[in-house]
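Enquirer: predicted model, plus sequence, below.
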Amino acid sequence: MALKRFTARLMRRFPVLYSLLCRLIGLIAARFTVGVTGVVFNKQGEVLLLEHVFRGRHPWGLPGGWVERRERPQDALRRELLEEVGLAVRVGPPVLVDLNDIPGHLETAFLCEVEGEVGGFSNEILSARWVSLDALPEGLKPMDREMIRRAATLRRHTTPEK
């Protein structure tokens with residue numbers, strides 16, 4: 001206990017030690033790339049699927065992308081949807097946070113509600129379609145199916161009855 005008190009007094013007296021400690025931790029801490037995925041629903045309860053250029057085995061999937069340095073995941077998801085399909089969304093709560101298929105990659109999926117119309121496509125997207133939950137295509141990645149399942153459950157429990 002005496003060592004903890006001494007360390008606390010030292011850190012309070014010399015605040016620069018905290019930034020030095022953070023830098024040291026940064027040298028040894030794990031590094032991950034961070035991605036975001038949106039499970040976007042329209043008013044009819046359909047989910048948005050995109051046909052991606054760079055996905056070979058599973059071309060159809062959920063929209064998303066990479067989080068840039070110092071960017072909030074929710075902001076990254078809004079940016080990605082605007083860039084990829086010109087779509088504005090309201091980003092809700094996370095539905096899944098997981099280490100992805102890619103080593104060292106952390107993925108966060110969010111429940112989203114559409115706030116506009118799909119516009120033009122970026123160079124990464126071939127097409128887009130709204131799909132009912134009972135008509136999801138066969139070729140979806142298992143992780144995408146799990147994200148959709150969790151988002152649909154959360155949406156049912158948080159959306160008021162009309």
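Expert: That came through fine.

Enquirer: need phi/psi at Pro59.
Expert: phi -60, psi -30 (degrees, to the nearest 10).

Enquirer: now do Arg9
Expert: For Arg9, the backbone dihedrals (degrees, to the nearest 10) come out as phi -60, psi -40.

Enquirer: burial measure for it, as a count.
Expert: Arg9: 10 surrounding residues under other C-beta atoms under 10 Å. All C-beta spots, glycine's among them, are computed from the backbone N, C-alpha and C.

Enquirer: cool, and Leu106?
Expert: 17.

Enquirer: from memory it sits against Val36, does it?
Expert: No: the pair Leu106 / Val36 is not scored as a contact, 9.9 Å apart, by C-beta atoms under 8 Å.

Enquirer: show me where the chain has its strands.
Expert: Here the chain has its strands, by DSSP state E, at 33-41, 47-52, 60-61, 64-66, 89-99, 105-114, 125-131.

Enquirer: tell me which strands and helices the shortest one is in contact with?
Expert: Okay, so that is strand 60-61. The elements that strand 60-61 packs onto, with contact taken as 3 or more C-beta pairs under 8 Å, 6 or more residues apart in numbering; DSSP states H and E, are strand 47-52.

Enquirer: and the strand it packs on, how far from the chain's centre?
Expert: 15 Å (C-alpha atoms, centre = their mean, to the nearest Å).

Enquirer: likewise stretch 110-120?
Expert: Distance, centroid of stretch 110-120 to centroid of chain: 14 Å (C-alpha atoms, centre = their mean).
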